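Student: sharing a sequence plus its predicted fold:
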Amino acid sequence: MNSPDSDTLSSTADVVYLDAASRTRIDPQVLNAIRESYLMHYSDPQNSQHLLGRQSADAVLNAKLKIGKSIGGNPQGIIFAGGAAEANNLAIFGAARAAPEKRHIITFETEPPSVFAPCQLLESEFGYRLSVLSVDSSGRVDSAEIMRCITDDTLFISISYVNKEVGTLQDISTISSMTHTHGALLHSDCSLALGRTAINVSQQQIDLLTVSGHKIYGPYSAGFVWARPGIAFVAASGGNKTPQGARPCNLDVPNIVGLGAAAELASSAVETTSAKLQKLTDHLKTRLCQAINNIHIVTPEDSAAPGILYLSIEGIESDDLMAVADHVAFSAGLASSIGKAKPGRMSRAVSLPSEASRNYIRLSPDKYLTLESIDIAVTRLADGVKMLRSKS
């Protein structure tokens, strides 16, 4: 008789995973680094009075050096967090604490809840003026609209480097130039960018950068904020390390080690991974358009991150397709609604009619897939579409 673990493995081995933009499976090298760290770095890194404490502190420092190198930034600006939500909250509220005289913030309708919610809270509870800008039908921001909106009272602009639904790469360098002209900060969630495109915070002039481990083949419930040394920024007190040099405490050293390993792998292999994801995505798009008629692709041909394909299938609701093609893992409707196909900020932002949002799916292969597995997924999706259309 199979054990429960073997039953689970056998039931999932046949699933083609096309939901890497939601969460990646952990890289085996990262997992090994975490395992080793659990055995070696069990001492409090704050206790420098004995060797084991110093070894834990060294492991944290080494992870910072790897992360700093992966984004082209000073490792002293790194603050560890428990994932994307905490990292984005730390970045946004940390900027607000440091410069309370600036009362205007700018973000976009396509930003994730971990960005949008704290911005709304600053508006509703603390009297900030919040400007929520739209994007075009391909997910791109309008630089002219930013210029019309930004003032010398603007504290920061918050925009994801990669649009989490459509996959569009934003022109971060141009946005940062406009931001700094008015003395504002640029915050960018780069969770979907690291490992898909080269990041250099110095060249692109990003002031606050956030990354979540579960988007870069790293540990879950782990992430970081990078704050440019010298900018006005105040991290939350207790349990963290600020760029100003407070001592670390309550740090999850093994997950931090894993996060450093994941960031290092993501940046060092970015060209190889990016090329493979692009090849998989192109093959996926071609095969889908051959196998299923009346497909509308939203993800732009150019200026899109590899590994993300956002599309609709005419007459097919995404939840229904999920039900009949359950051995293909993907996001239905608006990915930010966690599988619930309902209209929201994204459909308004890219000018999708609310009823059409139920027909949209996001397919995002991970770096472990092959062209053969893409073919299997397309066959299953096409069979599902055929079944649903025959019923209607």
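Tutor: Cool, the structure landed. Nothing here was measured: the structure is a model prediction, and the numbers come from that model.
Student: Ser188: what's it in contact with?
Tutor: Residues in contact with Ser188 (Cβ atoms under 8 Å, 6 or more residues apart in numbering) are 158-161, 172, 206, 208-210. Every C-beta, even on glycine, is put in place using the N, C-alpha and C of the backbone.
Student: pipe the residues you listed into a markdown table and attach secondary structure and distance to Ser274 per row.
Tutor: Formatted as a markdown table, these follow (DSSP: H, G, I helix; E, B strand; the rest coil; distance: Cβ to Cβ, whole Å):
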| residue | secondary structure | distance to Ser274 |
| --- | --- | --- |
| Ser158 | strand | 25 |
| Ile159 | coil | 21 |
| Ser160 | coil | 17 |
| Tyr161 | coil | 14 |
| Ile172 | helix | 16 |
| Ile206 | coil | 19 |
| Leu208 | strand | 24 |
| Leu209 | strand | 19 |
| Thr210 | strand | 21 |
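Student: of those, just say which sits nearest to Gly315.
Tutor: Closest approach to Gly315 among those (Cβ to Cβ): Ser160, at 31.1 Å.
Student: thought that closest one was touching Glu111?
Tutor: Yes: using Cβ atoms under 8 Å, Ser160 is in contact with Glu111, at 6.2 Å.
Student: for the chain, which segments count as strands?
Tutor: Secondary structure of the chain, counting by DSSP state E: strands at 16-17, 78-81, 104-108, 129-133, 154-158, 185-189, 208-212, 223-227, 295-297, 309-313, 328-329, 331-332, 360-363.
Student: out of those, the one nearest Lys386 is which?
Tutor: strand 309-313 (11.2 Å).
Student: what's in contact with that closest one?
Tutor: 165-167, 281, 284-285, 288, 292, 294-299, 321, 356, 359-364, 385.
Student: 7 Å instead?
Tutor: For strand 309-313, contacts defined as Cβ atoms under 7 Å, 6 or more residues apart in numbering pick out 165-167, 281, 284-285, 292, 294-299, 356, 359-363, 385.
Student: would you list the buried entries among those residues?
Tutor: Buried subset of the contacts of strand 309-313 (neighbour count, 16 or more other Cβ atoms under 10 Å): 165-167, 281, 284-285, 292, 295, 298-299, 359-363, 385.
Student: now stretch 221-235: buried residues?
Tutor: In stretch 221-235, counting by 16+ other Cβ under 10 Å, buried: 222-228, 231-235.
Student: actually stretch 274-288, sorry about that
Tutor: Under 16+ other Cβ under 10 Å, the buried positions of stretch 274-288 are 274, 276-277, 280-281, 283-285, 287-288.
Student: domain map for this protein?
Tutor: With domains defined by automatic domain parsing, the chain comprises 14-26+270-386, 28-268.
Student: who touches stretch 106-117?
Tutor: Under Cβ under 7 Å, 6+ apart, the answer for stretch 106-117 is 84-85, 88-89, 119, 131-135, 139, 141, 149-150, 154, 157-160, 163-165, 189, 336, 345-346, 348-349.
Student: out of those, which are buried?
Tutor: With burial judged by 16+ other Cβ under 10 Å, the buried subset of the contacts of stretch 106-117 is 84-85, 88-89, 119, 131-133, 135, 139, 141, 150, 154, 157-160, 163-165, 189, 336, 345-346, 349.
Student: nice, that's everything, thank you.
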